[in-house]
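**Q** with the input below, show me the fold.
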Amino acid sequence: MAVQRTDAASWLRELVLVYAMCWTVSLGFVEGQTGQLNVDASPQNARKIPDKMFGIFFEEINHAGAGGLWAELVSNRGFEAGGPNTPSNIDPWLIIGNESSIIVGTDRTSCFEQNPVALRMEVLCDSKGTNNCPSGGVGVYNPGYWGMNIERRRVYKVGLHIRSSDAVSLTVSLTSSDGLQKLASHTITASKKQFAKWTKIEFHLKSSQTNTNSRLQLTTSKSGVIWLDQVSVMPSDTYMGHGFRKDLASMLANLKPQFLKFPGGNYAMGNYLRNAFRWSETVGPWEERPGHFNDAWGYWTDDGLGFFEFLQLAEDLGASPVWVVNDGSSNLHGLLGASQNEEVSTATIASLVKDVVDGIEFARGGPKTTWGSVRAAMGHPQPFNLDYVSIGNQECWMLYYRGNYQKFYSAIKAAYPDINVVSSCDKSTISPSNPADLYDVHVYTSSSDMFSRTSMFDNTTRSGPKAIVSEYAVTGKDAGKGTLVAALAEAAFLVGLERNSDVVEMASCAPLFVNDNDRRWSPDAIVFNSWQNYGCPNYWMLHFFKDSCGATFHPSNIQISSYNQLVASAITWQNSKDKSTYLKIKLVNFGNQAVNLSISVSGLDEGIKSSGSKKTVLTSSGPLDENSFQQPQKVAPVSSPVDNANEQMGVLVDPYSLTSFDLLLQPSKHSTI
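**A** Have a look, this model is predicted:
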């Protein structure tokens, strides 16, 4: 993500649009328009859309990963979130019992060198004697990320490290938020010397009930001192078995993304360089990853979702990974001034450059290379298909960016000539002396301005590197938490990208996820909590473009008087399951008038079948409508068959709507794709 900037003119445009929408809703939609759409489907005027045109951009924001896509249920599982000094804040862990029965603190006795902090429990009570423990024992509990979702008959893998010089009887339980309802439990027993050294314990818990607001408890009624560290609870049935929350990863898969850009923008850079994403500290056994404070968005990340996992997710989704690397600067440098000293000079950038080249070796190197062997030890001996590296997050204006960028570019190309290097500078700055394979573009603006940007690339020079529009979003008052009108504006923008896909290579929206308990940015494509999720209108809008990658684009034009709120595109695409070919016509009506549209298609090698076509519409009763946990499908696509589909057909386009017609073509001896 990049820092939002708004000006007075933009604010005024948003205010006027919101007023107009409210007026429209109160008075009803006005009388419709009549227009003509001409589609030239002739092969000689067709153009292939890039194979990776539409993808997704993941940033660790809004607890998107920690407490979201990454399925780990324990928050602060290594007790490191309070920092390396002791005593340390162990939030959100809390104590069961009082000072007469238990004393809980932290010390630096962990067996993990990079994670020195461990939890120390001194149990003063016992099941025998005068100081009896309360019923159920004493200990600590972890509520996870705003409550753990524990489901009946589901199996959870538990792992923890224990040390004690006393005999141990420790009960590990999944319970309701008040501890009264037991869902599953397992008691660890050991003799006096069995845990004299740090020992890892792993087992499975199967829940007998469902509770969406559960917690993990570690309790005992036996006096003595117990040290605990690296406590984990993971569902056993994660997406593709790789640790991703099944429902959220499936929502991504349903978009058929052709690339995954990660780990973020501001998150990759850090507000301060000490808190930037360091890939080498996020690989290897999860217990040995130090984690870091995500100062860009204000929370601790234990880096269970690390560099390896991002590469794995891309592979699981069938997407090309696009790795964003720190260019030697932080987010706050430009905001707070050079006195912050948060930019590495070109003269001293070499170590960061080497780190990036090492990261590529981790992803692509053979299993016997230095870093490839680390990947192989993690269970992936075959290289990942990392073909894109993006240098920085829109820092072209900074003092050392261009010099640093050239160091990264030269080193990457020397080691991996086929890697596509993405520049944060715009196209005008790229030259033989400042080369790039792609240049990054971010667009954050109001819905009215986003709609107008359907023509943003119309006059771009057709030579030189192409753009990756890796972050775009409607922001402002009419964006809300994800409104219909914001989705329609973004759809119009994507129609323009399709039309200009000879100079735009890739595009992805931002942000992707938001945990409803920690909303740092709105709107977002997918909203979730511990047990629910829904797609915002812009998530459903993306479904209209998931067949565009590698499809054939056909020029089209709209003829309509006194109404400039309608944009259209046309492609032919092939269904991978049955190999049927469709002509897809997309129509975005950003205005409050219905349009009676006559569609004329010319140049098809084969005709349109009269049956087998469908119409899909994304609309709602009001342009500011949003989805919610209570109404997750309030704004969602609705499909219906198209009767008597033909090269000449009349259709009605609803106000404030996105409509697609997938017209089934007659079988052809020659594919146009």
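**Q** ok, now which ones touch L311?
**A** The neighbours of L311, taking Cβ atoms under 8 Å, 6 or more residues apart in numbering as the test, are P321, A363, F384, L386. Any C-beta I mention is one placed from the backbone N, CA and C, and that applies to glycine too.
**Q** nearest to P87 among those residues?
**A** Distance to P87 across the contacts of L311 (Cβ to Cβ) is lowest for A363, with 39.4 Å.
**Q** helix or strand for the closest residue to that closest one other than its chain neighbours, which one?
**A** Distances taken as Cβ to Cβ, 6 or more residues apart in numbering put L386 closest to A363, at 4.0 Å, once the chain neighbours are dropped. Using DSSP states H and E, L386 sits in no helix or strand.
**Q** and what of the one 4 residues further on?
**A** When secondary structure is defined using DSSP H and E, the element that contains S390 is strand 388-391.
**Q** can you check E60 too?
**A** Counting by DSSP H and E, E60 is found in no helix or strand.
**Q** any idea how far G480 is from it?
**A** In this structure, E60 lies at 23 Å from G480, with Cβ to Cβ, to the nearest Å as the measure.
**Q** same thing with I585?
**A** 29 Å.
**Q** more neighbours: which of these two?
**A** The neighbour count for I585 versus G480, taken as other Cβ atoms under 10 Å, is higher for I585 (24 against 19).
**Q** quick one: mean pLDDT over the helix or strand containing the more buried one.
**A** Using DSSP H and E, the element containing I585 is strand 581-589. Rounded to a whole number, the mean pLDDT of strand 581-589 is 98.
**Q** and what of stretch 427-442?
**A** The average pLDDT for stretch 427-442 rounds to 95.
**Q** buried stuff in it?
**A** K427, I430, A436, D437, L438, Y439, D440, V441, H442 (16 or more other Cβ atoms under 10 Å).
**Q** thought the first one was touching A467?
**A** Same thing as K427. Yes - between K427 and A467 there is a contact under Cβ atoms under 8 Å: 7.2 Å.
**Q** now for those two: what residues contact both?
**A** With Cβ under 8 Å, 6+ apart, K427 and A467 have common neighbours Y439, T460.
**Q** returning to that earlier point: roughly how far apart are the residue nearest to A363 and P257?
**A** 16 Å.
**Q** so where does S569 fall, helix or strand?
**A** strand 566-574.
**Q** now the element after the strand holding I585, going C-ward?
**A** Proceeding N to C from strand 581-589, the next assigned helix or strand is strand 593-602, under DSSP H and E.
**Q** isn't M121 up against K222?
**A** No - applying Cβ under 8 Å as the test, M121 and K222 come out as separate, 11.0 Å apart.
**Q** ok, which stretches of the stretch 351-500 of the chain are strands?
**A** Per DSSP state E, counting those that start in this stretch, the stretch 351-500 of the chain carries strands over the ranges 388-391, 420-423, 438-445, 466-474.
**Q** that's a strand at A249, yeah?
**A** No - secondary structure assignment (DSSP: H, G, I helix; E, B strand; the rest coil) places A249 in helix, not in a strand.
**Q** kindly export stretch 261-272 (C-alpha atoms) in CSV.
**A** C-alpha atoms of stretch 261-272 as CSV (Å, rounded to 0.1, in the frame of the first residue of the first chain):
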residue,chain,number,x,y,z
LYS,A,261,2.3,-9.8,-5.5
PHE,A,262,3.6,-10.0,-1.9
PRO,A,263,4.3,-9.3,0.9
GLY,A,264,3.0,-5.7,0.6
GLY,A,265,4.0,-2.2,0.0
ASN,A,266,4.3,-0.3,3.3
TYR,A,267,4.7,-3.7,5.1
ALA,A,268,7.7,-4.6,2.9
MET,A,269,9.4,-1.3,3.6
GLY,A,270,8.5,-0.7,7.3
ASN,A,271,7.9,2.7,8.8
TYR,A,272,11.5,2.2,10.1
